[in-house]
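Enquirer: Need the 3D shape of this:
(one chain, ligands or ions: 1)
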Amino acid sequence: MANNNNRCRTVYAFAREMYPKTVKGDIAYGTAGFRTRAIDLDYVMYRMGLLAVLRARVKRAVIGVMITASHNPEPDNGVKLVDPMGEMLEQSWEKWATKIANVTDDKLEHVINDIIKECGIENMNDRPEIVVGKDTRPSSPSLAKAVIDGVLAMGGKPIDYGIVTTPQLHYFVVCKNTHRAYGEPTEEGYYRKLITAFKKVRGNEFNNGNYTNSIMYDGANGVGAKKVKYLKEGLAGSLNIAMYNDEIIGSGKLNYLCGADFVKSQQKFPTGLPQTPNLRCCSVDGDADRLVYYYLDENKKFHLMDGDKIATLIAGYLKEILEKTGLKLNLGLVQTAYANGASTDYITKELKVPVACVATGVKHLHHKAVEYDIGVYFEANGHGTVVFKQSAKDKIKNTYQTNNLSPEQKDATLRLINIIDIINETVGDAISDMLLVETILHDKGWDIRQWEAAYTDLPNKLLKVTVQDRTVVTTTDAERKCVTPKGLQEEIDRIVSKYPKGRCFVRPSGTEDVLRVYTEAATKEECDKLGIEVAKVVYDLAGGIGNPPLVE
Ligand code: G16
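Expert: Below you'll find the model as predicted:
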């Protein structure tokens, strides 16, 4: 206990001298951790360094801390905590994260003691490893130093990976916690694993049918641009990646008019890419954990293949492969309320794959997906991956070793084994997802229009409404219904009932200070009208500020 007291005093002295709490109000734990203006985050980062060590002591495992504000504008920053098997910080710990982030400097010691007591941490002398990574934001180096100081003050051992993508950091954590069974916990190890598997599946025929091995890649002027350069070299022509929006540090252009979030929410072609018709293009976001595809047709009309289209492509393909192997494994798909109604119809009716709907946030999707032998999860914004139960992986590998498989079964089983290695199961990963999509399109011999043809999205729109206090809106039923403010849901239902195939929901964002209004309807005009009508009601009933509804 004497040792604990010394440790807490060090933590407090450090906090007072170097990282005093500078913001009076509280910061809320959002969809993916804390996220706000970078200038307000020094003390939060220091405290997350402290928390990561406590979490590592409880789990007796390596924990990750990623400094990024992902799709947000460059002046923002944030922090994502990564649990031992790559999951986002367990939800029951969000209360501790919130307490430790918001307590006054003089009470910090008490919160730490509460955590130690409630979680039964006995050994405060060990030095658990905390893996730290950051994106390319100019504010990230000093915030990473704050995290590292927090880790040191609490007696942990920081392992600084420098600038990496969020999914790379998740991968390193899992590699370390599985004692390298998942892969080598280095950047080289990451590229080697993905590239080796990709090349094995692709073979020597780089083109196939209508598929050509060239892609236009929008790096959002962030870490996804920096990292894909290494991938490109390793792929050595098996996939030609033409890079755009690759101005990396301090250009002020991160996510600006480009990147996955811009393309998806604005439904527009990003700046910087050649507007040649029918070219297969893709965009990643500011920390490279989201991916969307798109193209312009001969009439310059924009066509989007978002997370739903990626999910259906992957789920449909895995189903086909499984049928070829003869393996009996249950495959399921997890979506959120943002999933286009047409995609859900297609998956359930055509692909006949079961679908679950959960609240926004990878933390919810990942937890549901692990219930299936093979769980595909994707948010419409392009964030997702596939997770395999260990028992399913064992079954696939053991089946491959048996002698009673037909050549077709043997081939499909080997393909599945390699595909598992293309996938970063630890979290949605834009780079790994891109390699997976390219693998599937190559195998099918499809160009991007053939992929698009699977089903037609219902027109949809995402609006933002700025309000005094976004927490006045609370929701239920996987965020599809509003509970408060009183009367809002009734108004939404009344408006939606006027529109054929109309659907709408309203929820507070967990990464930006806004309310999000999602609408879908039979035609684009109706969808736009529905969006504006609902956004006005939200503005009136939820305390809108500034100009009435802003169309993104
Ligand atoms: C984060 C989460 C995603 C979520 C997104 C938007 O993404 O990881 O699961 O969909 O925020 O959340 P919200 O609508 O609550 O603002 P990222 O890529 O920004 O880390």
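Enquirer: Enumerate the residues of the stretch 1-150 of the chain near the ligand.
Expert: Contacts of the stretch 1-150 of the chain with the ligand, taken as CB under 6 Å from any ligand atom, map to T31, A32, S70, H71. (C-beta placed from N, C-alpha, C; glycine too.)
Enquirer: How about the chain?
Expert: Counting by CB under 6 Å from any ligand atom, the chain sits next to the ligand at 31-32, 70-71, 285, 289-290, 360-362, 379, 381, 383, 509-512, 516.
Enquirer: Cross the residues you listed against helices and list the overlap.
Expert: Among the residues of the chain next to the ligand, DSSP state H puts V362 in helices.
Enquirer: Kindly supply the ChimeraX command isolating those of the residues of the chain next to the ligand that are buried.
Expert: A single ChimeraX command suffices to select whichever of the residues of the chain next to the ligand are buried according to 16 or more other CB atoms under 10 Å:
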select :31,32,70,71,285,289,290,360,361,362,379,381,383,510,511,512,516
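Enquirer: Can you list which of the residues of the chain next to the ligand are found in strands?
Expert: R516 (DSSP state E).
Enquirer: could I get the helix or strand hosting P141 in CSV with only the CA atoms?
Expert: P141 is part of helix 140-153 when elements are defined by DSSP states H and E. The C-alpha trace of helix 140-153 is given here as CSV (Å, rounded to 0.1, in the frame of the first residue of the first chain):
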residue,chain,number,x,y,z
SER,A,140,-0.4,14.3,-32.2
PRO,A,141,3.3,14.3,-31.1
SER,A,142,2.7,16.4,-28.0
LEU,A,143,-0.4,14.5,-27.1
ALA,A,144,1.5,11.2,-27.5
LYS,A,145,4.1,12.6,-25.1
ALA,A,146,1.3,13.3,-22.6
VAL,A,147,0.1,9.7,-22.9
ILE,A,148,3.6,8.3,-22.5
ASP,A,149,4.2,10.5,-19.4
GLY,A,150,1.0,9.1,-18.0
VAL,A,151,2.1,5.6,-18.7
LEU,A,152,5.5,6.2,-17.0
ALA,A,153,4.0,8.0,-14.0
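Enquirer: how's the protein carved up into domains?
Expert: 2-163, 189-303, 307-452, 460-541 (automatic domain parsing).
Enquirer: Reformat the ones you listed as a markdown table; add mean pLDDT.
Expert: A markdown table is the format used below for those (pLDDT from 0 to 100):
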| stretch | mean pLDDT |
| --- | --- |
| domain 2-163 | 94 |
| domain 189-303 | 96 |
| domain 307-452 | 97 |
| domain 460-541 | 95 |
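Enquirer: can you redo the ones you listed as JSON lines with distance to V174?
Expert: As requested, the domains of the chain are arranged in JSON lines below (distance: least, CB to CB, whole Å):
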{"stretch": "domain 2-163", "distance to V174": "5"}
{"stretch": "domain 189-303", "distance to V174": "11"}
{"stretch": "domain 307-452", "distance to V174": "5"}
{"stretch": "domain 460-541", "distance to V174": "24"}
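Enquirer: Out of those domains, which gets nearest to H179?
Expert: In terms of CB to CB, the element of the domains of the chain nearest to H179 is domain 2-163, at 10.5 Å.
Enquirer: what distance separates that closest one from the centre of its chain?
Expert: 20 Å (CA atoms, centre = their mean, to the nearest Å).
Enquirer: Tell me which stretches of the stretch 451-552 of the chain form strands.
Expert: 460-465, 474-476, 481-484, 503-508, 515-520 (DSSP state E, counting those that start in this stretch).
Enquirer: Tell me which of the ones you listed sits most buried.
Expert: Of all the strands of the stretch 451-552 of the chain, strand 515-520 has the most neighbours on average by mean count of other CB atoms under 10 Å, namely a mean of 25.
Enquirer: what's near enough to touch the residue of the stretch 51-200 of the chain found nearest the ligand?
Expert: Of all residues in the stretch 51-200 of the chain, S70 sits closest to the ligand, at 3.3 Å by CB to the nearest ligand atom. Contact analysis of S70 by CB atoms under 8 Å, 6 or more residues apart in numbering lists A32, R35, G78, D135, T166, D285, G286, D287, D289, R290, T511.
Enquirer: for the residue nearest to the first one when sequence neighbours are not counted, helix, strand, or coil?
Expert: Counting by CB to CB, 6 or more residues apart in numbering, A32 lies nearest to K80, which is 5.4 Å off, once chain neighbours are set aside. Secondary structure, DSSP: H, G, I helix; E, B strand; the rest coil: K80 is strand.
Enquirer: Please apply the same query to G234.
Expert: Relying on three-state DSSP, one would call G234 helix.
Enquirer: In space, what's closest to it - neighbours in sequence excluded?
Expert: I195 (4.2 Å).
Enquirer: roughly how far is the helix or strand where the one you found lies from the heart of the chain?
Expert: Using DSSP H and E, I195 sits in helix 187-202. Centroid separation for helix 187-202 versus its chain: 21 Å, with CA atoms, centre = their mean.
Enquirer: how about that helix: buried residues?
Expert: Result for helix 187-202 [16+ other CB under 10 Å]: buried residues E187, G189, Y190, Y191, K193, L194, I195, A197, F198, K199, V201, R202.
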